[in-house]
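Novice: Sequence first, predicted coordinates after that:
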Amino acid sequence: MPYQEIKLYQTGTFVAGNRLLEPEQRSVQARTGRSNSITSGHRACRGCGEALGARYVLDAAMRATGGKVVAVNSTGCLEVFSTPYPESSWQLPWLHSLFGNGPAVAAGVAAALRARGRDDIRVVGQAGDGGTVDIGFGTLSGMFERNDDVLFVCYDNEGYMNTGVQRSGATPPAAITANTKALGQTPGNAFGQGKSVPLIAMAHEIPYVATATVAELRDLEYKVEKAMTFRGARYLHVFVPCPLGWGADSADTVRLARLSKETGLFPVFEAEAGEVTEVSRIRRQVPVEEYLRPQRRYAHLFGDHPRPDIVARLQARADRNIARFGLLPEGDE
Amino acid sequence: MRSQVEGSQAVARAVTLCRPQVIAAYPISPQTHIVESLSDRVRTGELAGCEYLMVESEFGAMSACIGASGAGARAYTATSSQGLLFMAEALFNASGLGLPVVMTVANRAIGAPINIWNDHSDAMAMRDSGWIQLYAESNQEAVDLHVQAFRLAESLSVPVMVCMDGFVLTHAFEEVDLPTQEQVDAFLPPLVPRQLLDPDEPVTIGAMVGPEAFAEVKYLMHVKQMAALDEIPVIAREFEAAFGRSSGGLLRPYRLEDAETVVVALGSVLGTIQDVVDAMRDDGVSVGALGIGCFRPWPVGEVREALQNANRVVVVEKAFAVGAGGIVGQNVRDATRRQPVEVYDVVAGLGGRPITRASLRALLDDVLGGRVDPGRLHFMDLDLELVQRELERSRHGERPGPHAENMLRDLGTVASGAYE
Ligand SMILES: Cc1ncc(C[n+]2csc(CCOP(=O)(O)OP(=O)(O)O)c2C)c(N)n1
Ligand code: SF4
Ligand SMILES: [Mg+2]
């Protein structure tokens, strides 16, 4: 074989390649011993951020617990694309009950394991944003308040994707969904107060709350592993782009996830017992427009009748996050 | 051991003896005394090895039981009325997944108008949820049915509801023979789950199922309920052998032999009905009573056989299908459809209205005297005039206002006495 020069690609991801790291620091996914909790062959769309996030979360949880995880899943894309009978993708014990009860079911599993003297087995509950911030919110808050030993993970793709992309309580203002179209005076989803479940989780003063995106997968793994060092209720909110629902290119999932953080629209942080302990700073701040433009759900802001006023309001939201969480790079404050 | 005890305390003790490992419950009258007592028993260690979850809703309670059962624990909850309906989605889920959860339903009316008193609207609304439904006639039977319910649920891996009349039973003090721990342990072995969330042998529970197998999975639920028709009498016989008293079973016939007229009912009202039967027998009238101990699965063959000699069946029920008619009545009609028998649907005791001996006697006299039309739904002790006045108001005036308030005003009632 003729000599081939090895090229080192600059990916622009700020993420060091695995092979430059010490073996101990390498991603769970890079290890031959990874559990493949959600194995290949499922039916998620190409570039599905939720499938990517769930894969990293569960394999990291499995690694952190020596393979002793029970997963509970609410109804939604993740449940549907992974299970059509009898082709389950799950290689760990997995229970799906309903759309709005994931946190309560997970609490029940944890209680049973405790009663059976098996609290070496840990429970991970998971749901989409709809199952978490809307219909499952009561059971989630109850689970937090009781401090049940559950890590609950929300895969936030900012809408009810499984039922055909309707608005959820996590859908951002101005975004087009199947029931917030670009019709009337205020195109897309209305501007509201927003509903930050990470902050609401913190208000319950549970041991650990964190946010993450599928752009920084090592950070996601780190947060899962850290969450597993605590007992009690823990909450992880993962930003997962949905190419189908957002009208985005499948190849842009990781890029959009990164831009959500780099614009300030999605603050990435950790909190313990109600206090922010760590903030993931923006490396290179970008205007929200760069994040909005590649997504068809925002196309009405840039077409023949551009709406710079709405873009400015979205920028103001990002700026508020930046100020509130101190997201600017060190020295830029 | 015989003791004079409140129904709720007796049930809480019986549940304790069954050693549930997870209890998740949310308070609602008239179930509250049961779950309060269980909380005490877990705290004092009388009920050891049990996790008690104070959930945020009944939906959460049933959901936690689903999770607990899937993770191999014996799971229990109790509720009433609005709480049972708040669980509805999770009830169907527990049965669809085949999880052996046991639940007490302290039967209470469903609002609106809000009402805390006893009837069977709650359990009847959930009759098609895939849960086995057992109805207790007395507090003794409520105790015994709980012990049997766990056996039944776990032997078939189906959820079981033990229905007992709210207040009438839950809050009544009567003598109850409470079994010993040794007796219950001998009768009820530890749970061996049919499906288990176990990292050593991972399974997927609750997968999506399409048209290719959905009907079969549902049919399997039906098969299991049909199997319960065989299992329930076996368990009742074993219970009698072990505990020395007859309790449970599918049906409770009372003076049925040669009875031309049979009253069919569920729950605590059977005691009153038996008194009326005795009195009428003394007067030479050939009547009997048939108590339905198990309403789901519906013991169609057993009911047919029990009623084969009757020519009049009066179904007295504490619920009805609005816009259609009787619920138990429909099922009785189905059981007797090839028999030359007239079935009367009678609604009684809604929202806690007492079902008195006098009213029952008058009803039966009217039936025997041909004054009740079997083709129509009959309401016992209905104040028809009150209804007529409200209908009249609705015909006139643009905004007659809320029905319930109008009717209470007509009655001169200041407060209905409801509290939450
Ligand atoms: C009680 C109930 N209401 C509505 C639905 C329909 N439904 C199923 S999944 C879903 C949306 C899921 O959205 P989300 O939780 O964000 O998950 P995603 O599919 O976006 O990952 C809806 C509305 C349901 N299954 N159950
Ligand atoms: S619709 Fe979105 S969330 Fe659902 S599978 Fe496709 S990409 Fe994933
Ligand atoms: Mg979603």
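Specialist: Now that the structure is in, tell me what you want to look at. Residues are numbered from 1 along each chain as shown, chains lettered A, B, ... in the order given. Ligands and ions are numbered 1, 2, ... in the order given.
Novice: For ligand 1, what's its nearest residue on the stretch 151-300 of chain B.
Specialist: Taking Cβ to the nearest ligand atom, ligand 1 has its nearest neighbour within the stretch 151-300 of chain B at B:Met208, 10.7 Å off. To be clear about C-beta, it is placed using only N, CA and C from the backbone, and glycine gets the same treatment.
Novice: Wait, that residue touches A:Glu79, no?
Specialist: Yes: counting by Cβ atoms under 8 Å, B:Met208 does reach A:Glu79; the two are 7.2 Å apart.
Novice: How about the residues of chain A by ligand 1?
Specialist: A:50, A:75-78, A:99-100, A:127-131, A:157, A:159-163, A:168 (Cβ under 6 Å from any ligand atom).
Novice: Can you flag which of those residues belong to helices?
Specialist: A:50, A:77-78, A:129 (DSSP state H).
Novice: Show me where the stretch 151-300 of chain B has its helices.
Specialist: Using DSSP state H, counting those that start in this stretch, the helices of the stretch 151-300 of chain B run over residues B:181-187, B:214-243, B:269-282, B:300-306.
Novice: Poorly predicted segments of the stretch 1-150 of chain A, please.
Specialist: Residue ranges of the stretch 1-150 of chain A with pLDDT under 70: A:1-19.
Novice: For ligand 3, what is the nearest residue in chain B?
Specialist: B:Met208 (17.0 Å; Cβ to the ion).
Novice: residue contacts, that residue?
Specialist: The contact partners of B:Met208, taken as Cβ atoms under 8 Å, 6 or more residues apart in numbering or on different chains, are A:79-80, A:83-85.
Novice: What about ligand 3: which of the ones in helices among the residues of chain A next to ligand 1 touch it?
Specialist: A:Asp129 (Cβ under 5 Å from the ion).
Novice: Could you give the number of residues near B:Ala109?
Specialist: When neighbours are counted by other Cβ atoms under 10 Å in any protein chain shown, B:Ala109 registers 26.
Novice: So it, which state does it fall into?
Specialist: Taking DSSP: H, G, I helix; E, B strand; the rest coil as the rule, one finds B:Ala109 in the coil state.
Novice: just checking, it touches B:Asp119?
Specialist: Yes: between B:Ala109 and B:Asp119 there is a contact under Cβ under 8 Å: 4.7 Å.
Novice: Which neighbours do the two have in common?
Specialist: B:350-352.
Novice: quick one: which of these is nearest A:Pro294?
Specialist: Comparing the shared contacts of B:Ala109 and B:Asp119 against A:Pro294 with Cβ to Cβ places B:Gly351 closest, at 60.4 Å.
Novice: In terms of pLDDT, where does B:Met134 sit?
Specialist: For residue B:134 the amino acid is Leu, not Met. Per-residue pLDDT puts B:Leu134 at 98.
Novice: you'd agree it is in a strand?
Specialist: Yes: assigned with three-state DSSP, B:Leu134 falls within a strand.
Novice: Contacts only, for the residue nearest in space to the middle of chain A.
Specialist: Per Cα atoms, centre = their mean, the C-alpha nearest to the average position across chain A is that of A:Val238, at 1.6 Å. A:Val238 sits next to A:53, A:57, A:153-156, A:211-214, A:220 when contact means Cβ under 8 Å, 6+ apart.
Novice: And B:Pro199, by the same measure?
Specialist: Residues counted as contacts of B:Pro199 (Cβ under 8 Å, 6+ apart) are A:67-70, A:92-93, A:121.
Novice: any idea how far the spatially closest residue to it that is not a sequence neighbour is from A:Leu220?
Specialist: Sequence neighbours aside, A:Lys68 is the residue nearest to B:Pro199 in space, at 4.9 Å (criterion: Cβ to Cβ, 6 or more residues apart in numbering or on different chains). Going from A:Lys68 to A:Leu220 by Cβ to Cβ, to the nearest Å gives 20 Å.
Novice: Of those two, give the one with the bigger neighbour count.
Specialist: Neighbour tally, A:Lys68 and A:Leu220, criterion other Cβ under 10 Å: the higher count belongs to A:Leu220, 27 against 19.
Novice: With adjacent residues omitted, what lies nearest to the more buried one?
Specialist: Spatial nearest neighbour of A:Leu220, excluding adjacent residues (Cβ to Cβ, 6+ apart): A:Ala212 at 4.3 Å.
Novice: Remind me which helix or strand the closest residue to B:Val262 other than its chain neighbours belongs to.
Specialist: The shortest distance from B:Val262 to any non-neighbouring residue, by Cβ to Cβ, 6+ apart, is to B:Ala310 (4.4 Å). Remark: B:Ala310 resides in no helix or strand, with elements defined by DSSP states H and E.
Novice: residues contacting B:Ala310?
Specialist: With Cβ under 8 Å, 6+ apart, B:Ala310 has these contacts: B:259-262, B:288, B:341.
Novice: just those residues now: which is nearest A:Ala112?
Specialist: B:Val262 (45.3 Å).
Novice: Sketch out the helices for the stretch 1-150 of chain B, chain order is fine.
Specialist: B:7-17, B:32-44, B:58-70, B:81-86, B:88-97, B:121-125, B:139-156.
Novice: and the ones you listed, which is most packed in?
Specialist: Among those, ranked by average contacts under mean count of other Cβ atoms under 10 Å in any protein chain shown, first place goes to helix B:58-70 (a mean of 32).
Novice: pLDDT of that one, averaged?
Specialist: On average, helix B:58-70 scores 98.
Novice: can you check stretch B:250-264 too?
Specialist: Rounded mean pLDDT across stretch B:250-264 is 97.
Novice: burial of B:Gly375, as a residue count?
Specialist: If you count neighbours by other Cβ under 10 Å, B:Gly375 ends up with 9.
Novice: any idea of the pLDDT on the residue of the stretch 151-300 of chain B closest to ligand 1?
Specialist: Predicted confidence (pLDDT) for B:Met208: 93.
Novice: same question, A:Leu265
Specialist: For A:Leu265, the model assigns a pLDDT of 98.
Novice: residues touching the residue of the stretch 101-250 of chain A found nearest ligand 2, list them.
Specialist: Per Cβ to the nearest ligand atom, the residue of the stretch 101-250 of chain A with the smallest distance to ligand 2 is A:Cys242, at 3.2 Å. Counting by Cβ under 8 Å, 6+ apart, A:Cys242 touches A:45, A:48-50, A:77, A:157-159, A:161, A:165, A:248.
Novice: what's the closest residue to A:Arg231 other than its chain neighbours sitting at in phi/psi?
Specialist: Spatial nearest neighbour of A:Arg231, chain neighbours left out: A:Asp149 (5.4 Å); criterion: Cβ to Cβ, 6+ apart. Dihedral pair for A:Asp149: phi -80, psi 70, per degrees, to the nearest 10.
Novice: any idea how far A:Asp149 is from A:Pro198?
Specialist: 20 Å.
Novice: and the stretch 101-250 of chain A, which residues reach ligand 2?
Specialist: Residues of the stretch 101-250 of chain A found near ligand 2 (Cβ under 6 Å from any ligand atom) are A:157, A:161, A:242-245.
Novice: change it to 5 Å
Specialist: Counting by Cβ under 5 Å from any ligand atom, the residues of the stretch 101-250 of chain A close to ligand 2 are A:161, A:242, A:244.
Novice: Dump those to a markdown table, plus distance to ligand 3 and pLDDT.
Specialist: What follows is these, written out as a markdown table (distance: Cβ to the ion, whole Å; pLDDT from 0 to 100):
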| residue | distance to ligand 3 | pLDDT |
| --- | --- | --- |
| A:Met161 | 5 | 98 |
| A:Cys242 | 7 | 98 |
| A:Leu244 | 11 | 98 |
